[in-house]
Structures are given as C-alpha cells and as structure tokens.
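*Asks:* Here's my sequence, what's the structure:
(chains A and B)
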Amino acid sequence: MTGSMIAFAAFSTIAIVGSLLVIFRRTPVASAFALVLVFFSFSGLYALMGAHLIAALQILVYTGAIMVLFVFVIMLLNQDSPITDIKESSLLFKGIAGLACVGMVTVLINAALRVSGLAPTNIYTDQKIEELGGNLRVISELLFTDHLFQFELTSFLLLGAIVATIALSKRQRKGGVS
Amino acid sequence: MSLPILPWLVLSIGLLATILISVVRVGTKRPAQIFALLTLLATFFYSVTTVPSGVENVFNGAFEVSALTQVGLALFSLIGCIFVLGTSRYLTKEGIHISDYYHLMLLMILGAAVMIGSKDLISIFIALEVMSLPAYTLAGFRRHDARSNEAGIKYFVMGGAIGAVFLLGAAFIFGATGSVSIDKIFEWSKVAQGDFTLFYIGHLLVLIAFLFKVAAVPFHFWKPDVYEGSPIAVTGMMATVISAASFIVISRLIGIVDFGRIEWGAYAAQLKQVVRVIVVMSLVVGSAVLLTQSNLKRMLAYSSISHTGYLLLGILSSISHPQEIFSVWMYLFGYCLMTSGLFVLLSQSEPKADMGVELIDLTGLMKRSPYTTCLWIVFLFSMAGIPFTVGFFSKYFVFLSSVSAGETAFVVIAAVCAVVSAYAYIRPVALMVMRDADPSASNWKGSPVSTVVATVSALAVIYFGVLPGTIVQFLKGVPIGH
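*Replies:* The predicted model follows:
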C-alpha cells in the first residue's frame, strides 16, 4: 500500500463520516462545521489527483467564503436550539424514497466497479501539465480559449443572481410599486 | 460581415439596456416594461428575418445557430411579448409590477434561448441555471402569499437537485467519452468499443434531470404546487418557455449517440423501454388526475403533465426514426401558442378571496362576457385536440409519427387518454355556457390590450388548425442536429 493510497483512504473516510454528520447532527452549527470537514477532505482528494489549483480554490471558495455565509445565516436566524422535523411524511413516501436511494447507490457502486475498464482521456498527464507551465496556466488558457463561451455565459448567471437577490430583498408593498 | 449570433446579441444587449434604464429611472416600472417589449420585438424581428438554412457552429462548436435554434428564440420572444402585453394589469393588481420582473423575465428567455443552442454539456448546464434562477425568484414573487413562497422554495430545492443530477450524469459521460462536447461524443459513439455501462448511467442521469424539468411522471410531484403558488404570468412562462426549451434539449441529448450503429442497438431498445414506461405513466396520471382538479392552475399543471406524455411519445419515435422529430416541434409550437393564450385569459380573473382561480369562477361567464367565453372555448378545445384548432394537428402528427415508428399500441393508449382528458377540458366550457353565475364566482376583467393579445393568439390557434401546411413544411425542413 503506497502513501497516496493511505491518504486517499483517510480523506475519503473523513469525507463520508463528515457528510453523515452534516445530515444527522440536529444543531445547525454542528452540521456547518461537519461540512467544513467535508470540504477540507475533498480538497485533499483533489490534491492527491494532482489538481492543486482546484484544491486551493476548494479551500478558498467553499471553506473561506461559502461556509462563512452559512455561519452568518445561522447566526442571524438565531437557531442555536435543535430544530425538530417540520412535518413527518407518510411511511409510503419514505419507503419509495428509501428504495430510490438504495437503487441509486447500487448504480453508482456498479459504475465505480466498472470504471477501471474504461480509459478516460489522457491529454493532460502530469508531465504534460508540467511542460505547459503548471495547473493554473493550463486552466486559464483553456478558460479563455476553448471554453470562452461558457465563461462569458457565467457572467449572465451572476447577473441573474444579483438581480434576483435584489428583487427578493427589496421591501415590497401590496398593490404598489416599489 | 455576417454575425450568426446576432439575434442572441440583440436579446442580451436589450436585457442589459433594460437593467440600466431601470437604474436611471428608479421608482417607476414603465421604462423597463417598454424596453423589455422593444427588446423582445427586436429579437423576434432579427431571428425571423435571418433564419439560416444550414447548421453553423460557433464558439469552438459550443453553440449551434440553425433554423431550429433561431425559430426557438423567435417563439420564446413572441411568448415574452404576449405575456408583457397581456398580463400588465394582472401584475399591477398583484403588486408585483416592478422593473425587476422584466429583468428576470428577459434573463429567463435568454437562458432558454441559449440552452437550446448549446452543444456542450457545460454550456447546457450554465444556460439551464441562467434560465432557472429567474424562474425560482419569479415563482416566489407574491411575497405576501404563503403559497407563492412555498412555490419558490419548492422549485428552488427541486431545481438544485435537478442541477446536481445533471452534473453527476455529465461527469459520468465525460469519464466514459473523454469529452463534454455533444459533437465529439457523437463522433466517439461511432467508433467506441468495449463496455459502455458508465456512459449509459451518465446518459440516463442527464435525461432524468430534464425529465424532472418537464415533470414527466414519476418526476412530477413538484409541478402542481409550483404552478398553483406562482403568479399566473410566471406560471404561463414556465409552462411554455421552460418546457419547450427543455424538450429541445431532451431531443438533443437523446440524439447524442449514433443509434444507427449495431453496438448501440441493445441500448436503444432499453432506452425506448424506459421512455415507453414514462410516456404511459405521464399520459395516465396526467389525464386521470386532470379530471379531479377544481383549481384551474392545478388543472393546467396536470394538463401539462399529460402534454409531456404526448411530446415524449414523439421523442420516442425519433429514437429510431430521427426525421420524425418534426412532430415534436409541431407539438411544441401548438402547445406554446394555446397555453400562452390560455394563461393571458386566466390572468384576467379577479378572485374575491386570496384563493386562486377555481372552476366555479367560470360559471355563467357566457352571460357576463360572451366574447371572452369564445376565446376560452377556442383555447380549451385546442387543448383537448378538437379539429380546426392547432391542438388537433399537434396530436395528429405525433400519432402519425409514432405509427410510422411502429409504436401503435402506445398511440392507442394516448388516444384513449386524449378522449378522457377532453372531458376535463369540455367541463369548464359547459360551466361557462350552461350554468348561471354562482354567487361566489369571481369577476373577470381584463385590460383591452390583454383581450386583443388573447384574440390574436386565438386567431393563430384557428389559422394553424385549419391551414397547418406552411408551418409543417417548414418544420419538416428544419435540419436535424446529427
């Protein structure tokens, strides 16, 4: 067993345990911190795969920015007491949902077992990336050449998010123009 | 210099101008409304005057400009015009007549128009989000109403899950094929050897994501609640623009592999089996539950679920016979035309309590306003698929395609469901014509503009129901992606 295998096993175990904690902890703050754990282990997994830029971005964006927002929202909502379930759904729906989950997990495990049979594209090997000048350079070049359209489209997505947020947070009066 | 993406550019520049003008003239909605209307009209004008005959790929093959995508854009901007003109009074009455409404509406149309042209799983995903994000917000726009809030949250959570499912599927497809470009995946499917399980799973997942979006049974549970809670004008946009765009993407994703090749035969058979089950369930559930609804918006939600069934029947026949896809385009055209007209009429209601529009509100409408009743009858008959309306030819061509693709048994099921659901569409007509007004029935009062818009839609429904030749000829000539 190599060192990277051990690291992979450790990071994945932490990720799985962390995500279970996110769901099963009843206190929102505890869930939020379990989520931080998950993000960190994801970042470790990305680094193991050689995607150092994605690993750094994962920490900066998710742990740094998004989780801070989560904690802010929890703080503002003042939900430090455990929340009880809003509404119990019927046993039938729980059964159907459980079956669907089991089916989905079976499919995913099946896929994971077969994945070795297929060789994904090997255009960007570790050596190739090294020759081209590292992860950051390769990704930026792709982003501004091959995927320029998607990159520009994202700006409309952000514009939409801004307009939607302003529209929702504006004070609104019934029957009037705001 | 020719610029193939000009119509899309016109729409995006118009959108930015609309946002800017509302920043300059704060406190009144009028400039935003006028700019939105002008933008949509200009987009419509540019997209119908420059329809290309072939398929032109731009942005490294990430975006397709063709007759299909450009006519789709024209249709969406036309629907946008119908709703801007037709529901202005309704928006004022609901207290949501603000400039943000128009910004979000234009963004939704832009997202839908970009999504139908996207030939790349990443741009499909981003465009899907550009289209959906405004829709979630607009669904929750009646903020004083708990049901509208519920609709917004439900749609948002559902949409988030849909996005995750799509991304998971796209990741599987990328793992199996080494590309996210639809053209490259098609090339791969022509030569690929070995085990395709990973691709099958990915393909099914991305399809499931869009089946959620069009609410095919069993992925339909969110739809009635979201339809009921959202403002009528927004529900109308969801039922037309979002459904039509999602169906165009479904047809693109179905055609992502070369089913003519022998290696894909077994998968094609399995995929057809899956679609058949979904078709039957959508038709049966949609038509049966339609009969039991008394709320008009819930009724239209189940009606759109049954329409999803007919559309998927067309998609089913296109798996083995790609040229039959024109029946899906024809159905979408007719469906968008009659649904937008019906929602404009629906927005003329003035319910007394905050209860939504019930069937009982329609009683005695013939005596109260005979002209509006005639418009209602045209649209409802078209929904039921009665001859001399566009709804008849929509169903007719789907059935014809399915017969020629050898799906006769499913045509019989669909025809039975059409007859059953016809009862549900004729029942409101009977209430309007034969019953006296119930004391609790609400008033119906539309602005003259909205009545004119509904009249034009009704005339189009009748025109294409009597003389469908031109549009069918055109749609048959639309080049198929692959």
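
*Asks:* Now look at stretch B:142-158 and say if it contacts chain A.
*Replies:* Yes: residues of stretch B:142-158 contacting chain A under C-beta under 8 Å from any C-beta of the partner chain: B:Arg143, B:His144. Using the backbone N, CA and C atoms, a C-beta is placed for each residue, glycine as well.

*Asks:* and for that stretch, what are the contacting residues?
*Replies:* By C-beta atoms under 8 Å, 6 or more residues apart in numbering or on different chains, the residues outside stretch B:142-158 that reach it are A:168, A:172, A:174, B:94-96, B:135-137, B:139-141, B:212, B:222, B:225-231, B:354, B:356.

*Asks:* Over to stretch B:266-278?
*Replies:* Outside stretch B:266-278, the residues that reach it (C-beta under 8 Å, 6+ apart) are B:196, B:200, B:203-204, B:211, B:216-218, B:254, B:257, B:259, B:312, B:315-316, B:319-320, B:407, B:410.

*Asks:* Drop anything exposed from the contacts of stretch B:142-158.
*Replies:* A:172, B:94-96, B:135-137, B:139-141, B:212, B:222, B:225-231, B:356 (16 or more other C-beta atoms under 10 Å in any protein chain shown).

*Asks:* In helices, which of these appear?
*Replies:* B:Glu94, B:Ala135, B:Tyr136, B:Thr137, B:Ala139, B:Phe212, B:Trp222, B:Asp225, B:Val226, B:Tyr227, B:Glu228, B:Gly229 (DSSP state H).

*Asks:* I'd like to know how far the last one sits from B:Lys223.
*Replies:* To tie it back to what came earlier, the one meant is B:Gly229. 11 Å (C-beta to C-beta, to the nearest Å).

*Asks:* just the second one next, same as before
*Replies:* Applying C-beta to C-beta, one obtains 13 Å for the distance of B:Ala135 from B:Lys223.

*Asks:* And the fifth one, by the same measure?
*Replies:* Remark: distance between B:Ala139 and B:Lys223 (C-beta to C-beta) = 12 Å.

*Asks:* and the helix or strand of chain A with the lowest mean pLDDT, does that touch chain B?
*Replies:* The weakest-scoring helix or strand in chain A, judged by mean pLDDT, DSSP states H and E, is helix A:126-132 (a mean of 78). No: taking C-beta under 8 Å from any C-beta as the criterion, helix A:126-132 and chain B are apart, separated by no less than 14.7 Å.

*Asks:* Tell me the first helix or strand C-terminal of that helix.
*Replies:* Tracing the chain past helix A:126-132, the next element assigned as helix or strand by DSSP states H and E is helix A:135-144.

*Asks:* Which elements pack onto that following helix?
*Replies:* helix A:52-57, helix A:126-132 (3 or more C-beta pairs under 8 Å, 6 or more residues apart in numbering or on different chains; DSSP states H and E).

*Asks:* Now render those as CSV, adding distance to A:Cys101 and mean neighbour count.
*Replies:* As requested, the helices and strands packed on helix A:135-144 are exported to CSV (distance: least, C-beta to C-beta, whole Å; neighbours: other C-beta atoms under 10 Å in any protein chain shown):
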stretch, distance to A:Cys101, mean neighbour count
helix A:52-57, 28, 16
helix A:126-132, 37, 11
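
*Asks:* Those helices into JSON lines, with extra columns for distance to B:Met131?
*Replies:* Below are the helices and strands packed on helix A:135-144 laid out as JSON lines (distance: least, C-beta to C-beta, whole Å):
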{"stretch": "helix A:52-57", "distance to B:Met131": "26"}
{"stretch": "helix A:126-132", "distance to B:Met131": "35"}
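
*Asks:* where exactly do the strands run in chain A?
*Replies:* In chain A, no strands are defined using DSSP state E.

*Asks:* pLDDT (mean, whole number) over the longest helix along it?
*Replies:* Determined from DSSP H, the single longest helix within chain A is helix A:91-114. Here helix A:91-114 scores 84 as its mean pLDDT.

*Asks:* which ones are touching B:Gln33?
*Replies:* Counting by C-beta under 8 Å, 6+ apart, the residues that B:Gln33 touches are B:Val84, B:Ser88, B:Ser99, B:Tyr102.

*Asks:* same thing but at 7 Å, please
*Replies:* Applying C-beta atoms under 7 Å, 6 or more residues apart in numbering or on different chains to B:Gln33 gives the contacts B:Val84, B:Ser88, B:Tyr102.

*Asks:* Tell me which residue of chain B lies closest to chain A.
*Replies:* Going by C-beta to the nearest C-beta, chain A is nearest to B:Gly178 of chain B, at 3.1 Å.

*Asks:* Can you check what pLDDT the model gives residue 161?
*Replies:* I went with chain A, as the question did not name one. At A:Ala161, pLDDT is 94.

*Asks:* My question was about chain B, not that one.
*Replies:* 91.

*Asks:* Nearest spatial neighbour of it, chain-adjacent residues omitted?
*Replies:* B:Phe212 (7.7 Å; C-beta to C-beta, 6 or more residues apart in numbering or on different chains).

*Asks:* B:Ala164 is in contact with that neighbour, correct?
*Replies:* No: taking contacts as C-beta atoms under 7 Å, B:Phe212 lies outside contact range of B:Ala164: 10.8 Å.

*Asks:* Report how many residues lie close to A:Arg12.
*Replies:* Arg isn't right for residue A:12; it's Ser. Neighbour count of A:Ser12, defined by other C-beta atoms under 10 Å in any protein chain shown: 15.

*Asks:* residues contacting it?
*Replies:* A:Leu45.

*Asks:* Could you tell me how many residues sit around B:His220?
*Replies:* Neighbour tally, B:His220, other C-beta under 10 Å: 22.

*Asks:* tell me which element it is part of?
*Replies:* Applying DSSP H and E, one finds B:His220 in no helix or strand.

*Asks:* do B:Leu207 as well
*Replies:* Short version, using DSSP H and E: B:Leu207 is in helix B:197-213.

*Asks:* on that earlier part again, the longest helix of chain A versus helix B:197-213: what angle between them?
*Replies:* Angle of helix A:91-114 versus helix B:197-213, following axes from the mean of the first three to the mean of the last three C-alpha atoms, to 10 degrees, is 150 degrees.

*Asks:* any residue of helix A:91-114 up close to chain B?
*Replies:* Yes: Helix A:91-114 is in contact with chain B by C-beta under 7 Å from any C-beta of the partner chain, via A:Val107, A:Ala111, A:Arg114.

*Asks:* any residues touching that helix, and which ones?
*Replies:* B:Phe172, B:Asp195, B:Thr197, B:Leu198, B:Ile201.

*Asks:* With stretch B:204-222 instead?
*Replies:* Taking C-beta under 7 Å, 6+ apart as the rule, stretch B:204-222 contacts B:154-155, B:158, B:162, B:165-166, B:168-170, B:172-173, B:223, B:242-243, B:246-247, B:249-250, B:253, B:278, B:281-282, B:285, B:305, B:308, B:312.

*Asks:* mind checking how far it is from the chain centre?
*Replies:* 14 Å (C-alpha atoms, centre = their mean, to the nearest Å).

*Asks:* for stretch B:130-150, same thing?
*Replies:* 18 Å.

*Asks:* what's the answer for stretch A:142-161, then?
*Replies:* 19 Å.

*Asks:* can you tell me the distance between the two ends of stretch B:226-239?
*Replies:* Start to finish, the residues bounding stretch B:226-239 are 11 Å apart (C-alpha to C-alpha, to the nearest Å).

*Asks:* Can you pull out the low-pLDDT segments for chain A?
*Replies:* Along chain A, segments meeting pLDDT under 70 span A:1, A:78-89, A:115-123, A:171-178.

*Asks:* how does it look with 80?
*Replies:* Residue ranges of chain A with pLDDT under 80: A:1, A:26, A:77-90, A:110-130, A:170-178.
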